[in-house]
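any chance you can model this:
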Amino acid sequence: MSAIIQTNKDFEVFFRENFPSVYAFMKRYTGDDELAADLAQETFIRVYERRDEIVSVDYGKAFLYTVARHLYWNHCKHQRVKENYFAQLDEGNVDDYDFLQEVTRQETMRMLYVAIDQLPPQTRNVILLNLEGKTNPEVAEELGISVNTVKCLKKSAYETLRGTLSQNYFVILIFLLGE
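Below you'll find the predicted structure:
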């Protein structure tokens, strides 16, 4: 059996006879004039590429609507994928925010430790132990000094760090130390 669409003229006749009904079919599914027209045109492009397989008018119409239905389904799947992608991007903004927060925290901690390293050894030890979560009595016991000495060294360290770090970083330091 030979194909019924032998020439471009044959395809043009096939197109003119069937485009309005394929367009209406797509419009009913999509509810959108432009999308229906685009999908109908794509349907005919796909049919044209396989025109040599169309051996009867009935087969041609059935094939045409099968292609149209598949294009519509593919369009719907593609839309769902896009919606999921954009939903994940929105969720990713939260991840980006968390990432930026973590980078900021780590950079602040780096600057804090650079400033702490410049303190005198005993003062530095008091602040580092305090950053580990130890209380003044625990720090005093570990270093073998009085609680009042710990308090004085902390006060001295805060004054030095206040001068070393910008105002914003000092506020963060106070927050981190829980003072």
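
now residue 120, what are its backbone angles?
Residue 120 adopts backbone torsions of phi -60, psi 150, taken as degrees, to the nearest 10.

roughly how far does it sit from residue 152?
Taking Cβ to Cβ, to the nearest Å as the measure, residue 120 falls 12 Å from residue 152. C-betas here are computed from N, CA, C, even on glycine.

residue 11 too?
Distance of residue 11 to residue 152, given as Cβ to Cβ: 95 Å.

would you map the helices across the protein?
Secondary structure of the chain by DSSP state H: the helices cover 8-30, 33-49, 57-117, 121-131, 136-143, 147-164, 167-177.

with mean neighbour count and mean pLDDT added, can I get those in TSV?
As requested, the helices of the chain are exported to TSV (neighbours: other Cβ atoms under 10 Å; pLDDT from 0 to 100):
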stretch	mean neighbour count	mean pLDDT
helix 8-30	15	91
helix 33-49	17	92
helix 57-117	13	78
helix 121-131	18	89
helix 136-143	16	93
helix 147-164	16	89
helix 167-177	14	59
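
gap between stretch 102-112 and the chain center?
Remark: stretch 102-112 is offset 24 Å from the chain centroid, using Cα atoms, centre = their mean, to the nearest Å.

same question, stretch 17-36
On Cα atoms, centre = their mean, the centre of stretch 17-36 falls 35 Å from that of its chain.

likewise stretch 16-35?
The gap between where stretch 16-35 is centred and where its chain is centred comes out at 36 Å by Cα atoms, centre = their mean.

and if you look at stretch 66-85?
22 Å.

same question for stretch 128-143.
The chain centre lies 42 Å from the centre of stretch 128-143; the measure is Cα atoms, centre = their mean.

measure it end to end?
Terminal residues of stretch 128-143 are spaced 12 Å apart (Cα to Cα, to the nearest Å).

not counting sequence-adjacent ones, nearest residue to residue 33?
Among residues not flanking residue 33 along the chain, residue 27 sits closest, at 6.7 Å (Cβ to Cβ, 6 or more residues apart in numbering).

please apply the same query to residue 127.
That would be residue 157: by Cβ to Cβ, 6+ apart, it lies 4.9 Å from residue 127.

quick one, what contacts the one you found?
Residue 157 makes contacts with 116, 119, 123-124, 126-127, as judged by Cβ atoms under 8 Å, 6 or more residues apart in numbering.

cool, thanks, talk later.
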